[in-house]
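In: pasting the sequence and the predicted model now:
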Amino acid sequence: MSSPVRYELKGNIGVITVNNPPVNALSHAVRQGLLDAINTAQRDASEAVLICCEGNTFIAGADITEFGKPFKAPGLPDVLDSIEASKKPVVAALHGTALGGGFETALAAHYRCAVPAAKVGFPEVNLGLLPGAGGTQRTPRLAGIKASLDLITSGAPISAAQAVDIGLIDEIIEGDLRSGALVWAKSLVASGAQVRRTSELPAPQHDASIFDGYRAAIARRARGQIAQEHIVTAVEAATTMSYQEGVLVERKAFMDCLNSPQSAGMRHIFFAERQASKVDDLPKDTPLRPVRNVGVIGGGTMGGGIAMSFANAGIAVTMIEISDEALQRGLGIIEKNYEGSVKRGKLSEDDAANCRSLISGSTDYADLADVDLVVEAVFEDPELKKTIFRKLDGVCKPGAILATNTSYQDVDAIAAVTKRPEDVLGMHFFSPAHIMKLLEVVRGAKTSDAVLATVMALAKKIRKVAVVSGVCYGFIGNRMLNPYGKTVQLLLLEGASPQQIDTAMENWGMAMGPLRVFDLAGLDVGYKARQALPDDQKGDPKSYRVPDLLVEAGRLGQKSGAGFYTYDENRAPTPDPAVDKVILAAAKEFGIARRSISDEEIVDRLIASLVDEGRKILDEGIAQRSSDIDVVYVYGYGFPASRGGPMFYAGQK
Ligand code: 3HC
Ligand code: NAI
């Protein structure tokens, strides 16, 4: 079998080229190829060595598919030590994303150049890992402690220019990288440049208190994530130990993380996210429709965020509202959101202005005549939605995709009021829509392949993680929330308090406890929905008596300053004895004997309620695969990625 790494002499430069699509990951064959090539270069007429990659990117990291399988030598640390030990200068030429073990490969080289668009970083922490091939020891020696801790604990890549600023890249190459890097390597040789081994640099200067600061920040921000704690310890080792001792600390920490359930969960989510974008029965060559401009109907909580999601990806948006007043209010919120992004340093003023200029408003549906896609986000009223879809059918051009952001309604019934049900589907965004990554794409019975494929591709363009759901009440995510919510109510009646339930779930890893979520969403929403139903369709009264009593007492949740908790002006929740009284009265009404409930029981019952419904969703074919359900819960409902999602978690138990 031919190697994914080739070696050739170009004049006095030995050029090592990695070609391992799609991302040049450091598979066993690549590691072996790199080792063979660097050894060959030591023996031939080359005066320097250049490492570069074919395809879209420099090496994007270790091959994650090999993790958890039997190890095959050579290991990456040994390969990189050989590269660094080269007696001839080694130059790495970066493009695309030089990540994780890929960037560690570059740091083991003696000189680094990159195209301006390249990005570098250490995303290991997103997989529950830390750099495991010298990254925690070499980076601080080049960039100092603070920059290294920021880079490695955040997992976020930085631009080539930023990497130059902090000393991780030496040279920016404009134009063709391969030829430019070759010219640079030759000029280094001509100027007598020597090998520069990062591991031989002295331990970096530092302020000893910095590590405690990071530990405290991590305890708040990344509670219980062992990789984060190990990163700080390993970088600290770079300041107190020799390079050789430091890499041993790093290695042990890496293996601990690799073998941890946290990393297993996060690696599962990494692949689950990518798998979710694939629709099993959709032919690969399904033609896509162009989406250059979109319409968004409704500029409320969801419409504004949806409009921003498109504009942020360079897609023009026409937002339709019911009146000038409502339109100005909606556009005003968008304006404020962009101002906030600029203030927080998330967007430059120019970029924010560009995005903002892509969003225009109107109260006239005729302005949607030429859009390629419409997302409807008006009140959750099925009749209103049908009226709007009839209107869209009349004004939109043939081939326009018509999507609804409904949370619960029957997408097929909405599609049926149009003469083009094949062009209709659900695009269920999550709040706040410009921030939350999840998009449930609801495939109607008649949705065409082209429409589904187009929306899946569009989701990637607007940087959403798309999961396909079939049509059912609440689709994947909200449908599972229903039994979860019912179980919460039973736990309250049986003896758990709101704060006990929330604390148990948050300590377990949920971003927010369920009662705080209900208060945030508003208790009146479910109340109104139940009021509209005849008694026999409301379900077991135990599952809604407490929230109904709270709403009737004027406690609608955060919006009214009180719900399951009382809220101060900063929206901080405080437990309220009045709520305990309501719970006690309801328990008495149902004749429920209250008892002490353990945190473990709370977690077990709540997670089991999600998993049971998840299994039904799979059996009914609403979700394509179990890992899609995990993606929905991790990206849409604050389920901890380190637990791998509800279905993965259940499978591990
Ligand atoms: N190992 C194995 N497969 C990988 C991979 C990796 N490191 N990175 C990406 N892939 C696969 C994906 O699973 C996907 O496969 P599929 O087509 O079968 O679904 C394919 O490559 C393309 O990936 P994306 O869809 O994500 O492509 P994008 O172009 O959107 O993104 C990327 C490219 C930015 C490189 C992104 O794939 C990414 O972030 N990859 C992970 C990078 C990473 O985490 N590196 C660190 C690994 S751990 C490590 O290096 C440890 C070391 O310190 C010892
Ligand atoms: P909202 O009440 O904040 O906004 C609805 C907007 O639609 C209002 O500004 C209203 O003026 C406008 N509108 C009403 N009728 C209209 C018409 N005929 N033409 C144009 N505009 C019209 O509601 P929200 O929260 O944004 O919800 C919208 C949809 O999104 C609902 O279907 C909801 O179920 C769904 N959704 C809501 C989420 C949330 O967290 N709020 C999450 C995901 C989906």
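Out: Received the coordinates, thanks. Ligands and ions are numbered 1, 2, ... in the order given.
In: let me see the ranges of the strands in the stretch 251-400 of the chain.
Out: 293-297, 316-320, 359-362, 373-376 (DSSP state E, counting those that start in this stretch).
In: and the first one with strand 316-320, angle?
Out: I take that to be strand 293-297. 20 degrees (axes from the mean of the first three to the mean of the last three C-alpha atoms, to 10 degrees).
In: give the rounded mean pLDDT of strand 293-297.
Out: Strand 293-297 shows a mean pLDDT of 98.
In: what strands line up against it, and which way round?
Out: With DSSP bridges as the test, strand 293-297 is paired with strand 316-320 (parallel), strand 373-376 (parallel).
In: how does the protein divide into domains?
Out: 5-258, 293-469, 477-621 (automatic domain parsing).
In: tell me who's in contact with His428.
Out: Contact analysis of His428 by C-beta atoms under 8 Å, 6 or more residues apart in numbering lists 405-407, 439-442, 469, 475, 477. For glycine as for every other residue, the C-beta is placed from the backbone atoms N, C-alpha and C.
In: ok so, going back, out of the strands paired with strand 293-297, deepest packed?
Out: strand 373-376 (a mean of 26; mean count of other C-beta atoms under 10 Å).
In: quick one, which of the strands of the stretch 251-400 of the chain gets closest to Arg178.
Out: Each of these has some distance to Arg178 by C-beta to C-beta; the shortest is strand 316-320, at 37.0 Å.
In: contacts only, for the residue of the chain found nearest ligand 2.
Out: Nearest to ligand 2 in the chain, going by C-beta to the nearest ligand atom, is Gly300, at a distance of 1.8 Å. The contact partners of Gly300, by C-beta under 8 Å, 6+ apart, come to 330, 377-378.
In: at 6 Å what do you get?
Out: Shown in contact with Gly300 (C-beta atoms under 6 Å, 6 or more residues apart in numbering): no residues.
In: so for it, what's the pLDDT?
Out: On the pLDDT scale, Gly300 gets 95.
In: let the chain start at 525 from now.
Out: All set: I'll call the first residue 525, so the last point we hit is now Gly824.
In: if we can go back for a sec, nearest to Asp809, out of the domains of the chain?
Out: domain 817-993 (9.5 Å).
In: how about the residues of the stretch 925-1074 of the chain that lie near ligand 2?
Out: The stretch 925-1074 of the chain comes close to ligand 2 at residues 929-931, 952-955, as judged by C-beta under 6 Å from any ligand atom.
In: again, only this time at 8 Å
Out: 928-933, 952-955, 957, 1045 (C-beta under 8 Å from any ligand atom).
In: helix or strand for Ala1109, which one?
Out: helix 1101-1113 (DSSP states H and E).
In: how about the helices in the stretch 575-724 of the chain?
Out: For the stretch 575-724 of the chain, the helices defined by DSSP state H, counting those that start in this stretch cover 600-609, 625-632, 659-667, 669-678, 684-689, 701-714.
In: ok so, going back, sort out for me which of the contacts of His952 are in strands.
Out: 963-966, 993 (DSSP state E).
In: looking at these, spot the one nearest ligand 1.
Out: Looking across these and measuring by C-beta to the nearest ligand atom, the closest to ligand 1 is Leu963, at 15.6 Å.
In: which residues touch that closest one?
Out: Per C-beta under 6 Å, 6+ apart, neighbours of Leu963: 953, 983, 988, 990.
In: which of the residues you listed sits closest to Arg1095?
Out: The closest of the contacts of Leu963 to Arg1095 turns out to be Phe953 (C-beta to C-beta; 23.0 Å).
In: list the beta-bridge partners for that closest one.
Out: The partner residues for Phe953, given DSSP bridges, come to Leu963.
In: which of the residues of the stretch 925-1074 of the chain next to ligand 2 has the largest number of neighbours?
Out: His952 (28 neighbours; other C-beta atoms under 10 Å).
In: which residue does the stretch 1075-1177 of the chain bring closest to ligand 1?
Out: Taking C-beta to the nearest ligand atom, the stretch 1075-1177 of the chain has Ser1151 as its residue nearest ligand 1, at 12.0 Å.
In: please name the residues that touch the residue nearest to that residue when sequence neighbours are not counted.
Out: For Ser1151, ignoring the flanking residues on the chain, the nearest one in space by C-beta to C-beta, 6 or more residues apart in numbering is Ala796 at 3.7 Å. Contacts for Ala796 (C-beta under 6 Å, 6+ apart) come out as 1151, 1154-1155.
In: ditto for Arg868
Out: Arg868 neighbours (C-beta under 6 Å, 6+ apart): none.
In: and it, how far is that from Ala740?
Out: 22 Å (C-beta to C-beta, to the nearest Å).
In: now swap in Leu1014 and tell me
Out: For Leu1014, the distance to Ala740 - C-beta to C-beta - is 38 Å.
In: quick one: which of the two has more around it?
Out: Taking other C-beta under 10 Å, Leu1014 and Ala740 do not tie; Leu1014 has more neighbours (16 against 10).
In: grab the nearest non-local neighbour of that one.
Out: Closest to Leu1014 by C-beta to C-beta, 6+ apart is Lys1066, at 6.2 Å.
In: repeat that for His619.
Out: Val639 (4.7 Å).
In: show me what contacts the one you found?
Out: 619, 697, 701.
In: can you list the residues of the stretch 675-824 of the chain near ligand 2?
Out: So far as C-beta under 8 Å from any ligand atom goes, the stretch 675-824 of the chain lies against ligand 2 at 821-824.
In: hang on, the earlier thing: in a markdown table, list the contacts of Val639 along with pLDDT and neighbour count.
Out: Listed next are these as a markdown table, based on pLDDT from 0 to 100; neighbours: other C-beta atoms under 10 Å:
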| residue | pLDDT | neighbour count |
| --- | --- | --- |
| His619 | 98 | 23 |
| Ile697 | 98 | 22 |
| Leu701 | 98 | 21 |
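In: so which of the residues you listed comes closest to ligand 1?
Out: Ligand 1 lies nearest to His619 out of these, by C-beta to the nearest ligand atom, at 12.0 Å.
In: test my guess that that closest one contacts Asp700.
Out: No - between His619 and Asp700 there is no contact under C-beta atoms under 6 Å: 10.1 Å.
In: which helices and strands sit right next to the lowest-mean-pLDDT helix or strand in the chain?
Out: Ranked by mean pLDDT, DSSP states H and E, the weakest helix or strand in the chain is helix 1047-1055, scoring a mean of 89. Packing partners of helix 1047-1055 (3 or more C-beta pairs under 6 Å, 6 or more residues apart in numbering; DSSP states H and E): helix 1069-1076.
In: how far off centre is the helix it packs on?
Out: Put simply, helix 1069-1076 sits 35 Å off its chain's centre (C-alpha atoms, centre = their mean, to the nearest Å).
In: same thing with stretch 766-774?
Out: For stretch 766-774, the distance to the chain centre is 32 Å (C-alpha atoms, centre = their mean).
In: could you list the buried residues of that stretch?
Out: 767, 770-771, 773-774 (16 or more other C-beta atoms under 10 Å).
In: nearest to Ser886, of these?
Out: The closest of the buried residues of stretch 766-774, once distances to Ser886 are taken by C-beta to C-beta, is Glu774, at 57.3 Å.
In: now that closest one, what's its secondary structure?
Out: helix (DSSP: H, G, I helix; E, B strand; the rest coil).
In: quick one: contacts for it?
Out: With C-beta under 6 Å, 6+ apart, Glu774 has these contacts: 660, 758.
In: if I look at it, how far off is Gly838?
Out: Taking C-beta to C-beta, one finds Glu774 at 41 Å from Gly838.
In: again, but for Glu608
Out: 42 Å.
In: neighbour-wise, which of the two wins?
Out: Ranked by neighbour count (other C-beta under 10 Å), Glu608 and Gly838 place Glu608 first, with 21 against 12.
In: Arg721 is in contact with the more buried one, correct?
Out: Yes - counting by C-beta under 6 Å, Glu608 touches Arg721, with 5.3 Å between them.
In: name the residues contacting each of those two.
Out: By C-beta under 6 Å, 6+ apart, no residue touches both Glu608 and Arg721.
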